[in-house]
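**Student:** I would like the atomic coordinates for the input below:
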Amino acid sequence: MVQAGDIEGLAATFADYSSIEVADYQRNFDWTKSEITDLWRDLKTICGKGNDSKIHFFGSLIVQQQGKSSCELVDGQQRMTTVFLIAARLRDEIDKLSIREIPSEEAGTRPLPVASEIEDFLYGKSNQATKPRYKPNTLLRGVGKAALEPLPEKVREKSIPRRSRETDKEATLAFRNAFWFIKNLVEEEIEGLDEEQALRRIYDLSSALLGRMKVLTITTSNPEESLDVFMTTNDRGLPLGVFDLARGQVLKALTSGKSESQQKEIFVETLHDWEEILGNVEGSKPDQFLRHHLLSSHKKKMTMKGVPTFTSGLIDFGSANYAKRAQELWESIKLSSSVYDVILRPTISSPAKENLESLRLVADSYRIVALRILHPEADLNSQQQVELVRLLWVAVFRWNMAFGNAQDLETSLQDVCEPLWQKGGYASAKSQLEQLAMTDCDVEKYLADPITMNTARAILLALETSLSGKAAPISLSSFHVEHIAPQKPTKEWLEAVGLEAKEYKERVADVGNLTIFDAGLNQSVKQNPFSEKKSEYKKSRANMTNDLTKFPHWGQKEIDLRRAWIISSLDNILRISPKPVEEFSSFR
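**Tutor:** Below is the predicted model of the structure:
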């Protein structure tokens, strides 16, 4: 059950917890001097004489209850890691002094227990030992322990080197930098003060930090609740996602029962895998990729929120071989991410390359089937891959032009994947895609309304690829959509099209007035008369644009004719057995 608490100071917020652990699915600590300086400035504005009544709202924290006195920190890792580092540094500066309490200024009152209040925050009030209750993720567990435990200064600094030779040095760099930066901030704050003045300044800082930095704590009871709340409230940095939770489940399974050094080794290796996966799926959301991977390799239908529950079931922590199952899941994700990279940045044979680039402009769910078509387990030859990608292109485009339901399309595409889970599934997958490719659609009706630039690019790219085999392979990145009669009218163009400015704007948005134009050619001719634009069109690598130079002028008649050509050409290629596409100049 999700519960929102009161807005309280940090000491009160965590008073009942003996253990506060950063969940392993969290991304690593990555605050720099800039973020730490902002927090430090906020702290200083509410501390010292005359500021006792000031508070600073520190935002919200999300904690997942892990028993009566333990919790996992779901949202707030960057801030709370920094807070505990500051508190630990204040403690260390007190340890250099010969006094630990501020003497009472009034008879009958107690001295201010500066040291014990900070220690209560670091170790917990009910904890008589000096074991820190705040536990960073496994990668930072070693340096975190060294920073928060009451160690001799030389031992601590040796354990948190400015330059590390350890295998996890990259993962701990931000934390180590934060430790040294905070150390300098606190030392500068009390430099030149006598012992009592220094202790009073430390008290000002700690009382503001622990009492007047206010937070709203939201408590959850399971990962699904945590994710739901986090995705609703988080607006800082990279958001936590379902992939983070799934990765945490894998790490939990792989590190269970391992020594600290083995756990660190697994975390470092997994972090490198994670960076590789993120690179492979760049251009898409990691969470979307993971869901597509699971849909392409399993029968189960699932929403994004259902992914963590499903991956937990795949690992099956109650089984004897859950670590092996987790490793197999992780390896399958890594392999699938490399296939996803090919889907997003196609390197396969034409025309499948152009089909995939075209699909990327109009849908996402096509990637579910594409993952299986290009997956090594399907064992398809290049000719089979090209044919299935082409049928996938036809099926998705016809579905969109029929204004079909996106969820129904995703379900149908997921069903196509099953035959491709192993060798020998080509014929069955081809048959299912052919069924989808026969969806009734009216191309003319679809193009009657304005279309997006992405849809226009996708259509024009498909036509260019199909122009009787004359067109050379092209890339989306090297072409943009060009308005033949320019969007912004000139006197010459208004006369050529034969319309007033208001009607002209609507007319030139017609699909018949669009073509693709090489990004490297002269863009300054956009407003020029058609006779001058043709000199640049003649240089184009796009066959359909080069073909426009065969027309002596451009007006409404040509726009209507070209629109009819696009409709006819789409009808020819949106088929199980496509027909040739003739050049526009030959169309009548």
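
**Student:** CA atoms for contacts and neighbours, from now on please.
**Tutor:** Fine.

**Student:** Can you list the low-confidence ranges for the stretch 401-550 of the chain?
**Tutor:** 468-477, 522-523 (pLDDT under 70).

**Student:** Next, the contact list for the spatially closest residue to Arg176 that is not a sequence neighbour, please.
**Tutor:** Excluding the flanking residues, the one nearest Arg176 by Cα to Cα, 6 or more residues apart in numbering is Ile160, at 6.1 Å. By Cα atoms under 8 Å, 6 or more residues apart in numbering, the contact set of Ile160 is 143, 146-147, 176.

**Student:** Give the burial count for Val339, as a bare number.
**Tutor:** 24 (other Cα atoms under 10 Å).

**Student:** and it, what helix or strand is that in?
**Tutor:** helix 322-344 (DSSP states H and E).

**Student:** Check which helices and strands the helix or strand following that helix is in contact with.
**Tutor:** As assigned by DSSP H and E, the chain's next helix or strand after helix 322-344 is helix 352-360. Contacts defined by 3 or more Cα pairs under 8 Å, 6 or more residues apart in numbering; DSSP states H and E place helix 352-360 against helix 322-344, helix 382-401, helix 453-465.

**Student:** Rounded mean pLDDT for helix 352-360, please.
**Tutor:** Across helix 352-360, pLDDT averages out at 89.

**Student:** Can you identify the element that follows it toward the C-terminus?
**Tutor:** Immediately after helix 352-360, counting by DSSP H and E, sits helix 366-373.

**Student:** Return the residues in contact with Pro161.
**Tutor:** Remark: with contacts taken as Cα under 8 Å, 6+ apart, Pro161 is in contact with Arg176.

**Student:** can you rerun that using 6 Å?
**Tutor:** For Pro161, the contact set (Cα atoms under 6 Å, 6 or more residues apart in numbering) is empty.

**Student:** Show the backbone phi and psi for it.
**Tutor:** phi -70, psi 150 (degrees, to the nearest 10).

**Student:** Repeat that for Ile46.
**Tutor:** Backbone torsions for Ile46, taken as degrees, to the nearest 10, come to phi -120, psi 10.

**Student:** so it sits right up against Lys54, yeah?
**Tutor:** Yes: between Ile46 and Lys54 there is a contact at 5.3 Å, judged by Cα atoms under 6 Å.

**Student:** Compare neighbour counts for those two and give me the winner.
**Tutor:** Shown here are Ile46 and Lys54; by other Cα under 10 Å, Ile46 has more neighbours (22 against 12).

**Student:** how close does the more buried one sit to His56?
**Tutor:** Distance of Ile46 to His56, computed by Cα to Cα, to the nearest Å: 7 Å.

**Student:** Whichever strand or helix holds Leu251 to helix 322-344, inter-axis angle?
**Tutor:** Using DSSP H and E, Leu251 falls within helix 242-255. Using axes from the mean of the first three to the mean of the last three Cα atoms, to 10 degrees, the inter-axis angle of helix 242-255 relative to helix 322-344 is 140 degrees.

**Student:** Toward the C-terminus, what is the element adjacent to helix 242-255?
**Tutor:** Later in the chain than helix 242-255, the nearest helix or strand by DSSP H and E is helix 260-280.

**Student:** mean confidence for stretch 139-146?
**Tutor:** pLDDT averaged over stretch 139-146 gives 89.

**Student:** now do stretch 200-216
**Tutor:** Mean pLDDT, stretch 200-216: 93.

**Student:** Ok, stretch 123-134 next?
**Tutor:** Stretch 123-134 comes out at a mean pLDDT of 81.

**Student:** Dump that stretch to PDB, restricted to CA.
**Tutor:** Output of stretch 123-134 as PDB, limited to C-alpha atoms (Å, rounded to 0.1, in the frame of the first residue of the first chain):
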ATOM      1  CA  TYR A 123      24.100   4.900  12.900                       C
ATOM      2  CA  GLY A 124      20.500   5.000  14.100                       C
ATOM      3  CA  LYS A 125      19.200   5.900  17.600                       C
ATOM      4  CA  SER A 126      18.600   2.300  18.600                       C
ATOM      5  CA  ASN A 127      22.000   1.200  17.300                       C
ATOM      6  CA  GLN A 128      24.700   1.300  20.000                       C
ATOM      7  CA  ALA A 129      27.400   0.200  17.400                       C
ATOM      8  CA  THR A 130      29.100   2.500  14.900                       C
ATOM      9  CA  LYS A 131      28.000   0.600  11.900                       C
ATOM     10  CA  PRO A 132      26.500   3.000   9.200                       C
ATOM     11  CA  ARG A 133      22.900   2.300   8.500                       C
ATOM     12  CA  TYR A 134      23.000   3.900   5.100                       C
END
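
**Student:** returning to what we had before: show me what the helix holding Val339 packs onto, helices and strands only.
**Tutor:** helix 242-255, helix 260-280, helix 307-315 (3 or more Cα pairs under 6 Å, 6 or more residues apart in numbering; DSSP states H and E).

**Student:** circling back: please tabulate the helices and strands packed on helix 352-360 in CSV, including the columns distance to Ser98.
**Tutor:** Below are the helices and strands packed on helix 352-360 laid out as CSV (distance: least, Cα to Cα, whole Å):
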stretch, distance to Ser98
helix 322-344, 52
helix 382-401, 76
helix 453-465, 71
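
**Student:** Could you pull out the buried residues of stretch 15-24?
**Tutor:** 17-24 (16 or more other Cα atoms under 10 Å).

**Student:** nope, stretch 349-358 is what I meant
**Tutor:** 351-358.

**Student:** same thing with stretch 425-442?
**Tutor:** 425-426, 429-430, 432-434, 436-437, 439, 441.

**Student:** again, but for stretch 520-530
**Tutor:** Counting neighbours by 16+ other Cα under 10 Å, stretch 520-530 gives 526-530 as buried.

**Student:** On the pLDDT front, check the most centrally placed residue in the chain for me.
**Tutor:** Centroid check for the chain by Cα atoms, centre = their mean gives Lys285 as the closest residue, at 4.3 Å. What the model reports as pLDDT for Lys285 is 89.

**Student:** any residues touching the helix or strand containing Gln78, and which ones?
**Tutor:** Assigned by DSSP H and E, Gln78 belongs to helix 77-95. Helix 77-95 is contacted by residues 29, 148 when judged by Cα under 6 Å, 6+ apart.

**Student:** Thr219 looks like it's in a strand, true?
**Tutor:** Yes: counting by DSSP: H, G, I helix; E, B strand; the rest coil, Thr219 is found in a strand.
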